[in-house]
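S.K.: quick one, structure for this:
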Amino acid sequence: MQNNSIAVPQNIIMENRKSLRISGVKDIDSFTETRIVLSTILGELIIKGEDLHVMALDAETGDFSMTGSISSCTYSKKSVMDGPIKKLFR
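M.R.: Residues are numbered from 1 along each chain as shown. Below you'll find the predicted structure:
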């Protein structure tokens, strides 16, 4: 088990699978109405659902909010950019 010391904790607050607030977000990697990919202090977070809308991302505090019909939130060990796309940008 890795011992990661994180200065700022990451919180995920979901309300009725319709709104989501997350702290510790570094950047929005990509977003569509069915999928949002976030870079967070704990790794890549993939949010899937329908009619997803990004409401805000405060770059200074790392606070992110969104709405929509949320079906899943999954941390990924592999970055979206680790595939063939990464080779194009070397």
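
S.K.: so what's the residue nearest to residue 19 when sequence neighbours are not counted up against?
M.R.: Leaving aside its sequence neighbours, residue 19 sits nearest to residue 67 (CB to CB, 6 or more residues apart in numbering; 5.0 Å). In this view, the C-beta of every residue, glycine as well, is placed from N, C-alpha and C. Taking CB atoms under 8 Å, 6 or more residues apart in numbering, we find residue 67 in contact with 18-20, 52-53, 55.

S.K.: any low-confidence regions in this structure?
M.R.: 1-7, 78-90 (pLDDT under 70).

S.K.: quick one, helices of it?
M.R.: Here the chain has its helices, by DSSP state H, at 84-88.

S.K.: if any of the contacts of residue 67 are buried, put those into a ChimeraX selection.
M.R.: Remark: buried members of those, expressed as a ChimeraX selection using 16 or more other CB atoms under 10 Å:
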select :20,52
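
S.K.: ok, of the contacts of residue 67, which one's closest to residue 12?
M.R.: Using CB to CB, residue 20 is the member of those that lies nearest residue 12, at 7.0 Å.
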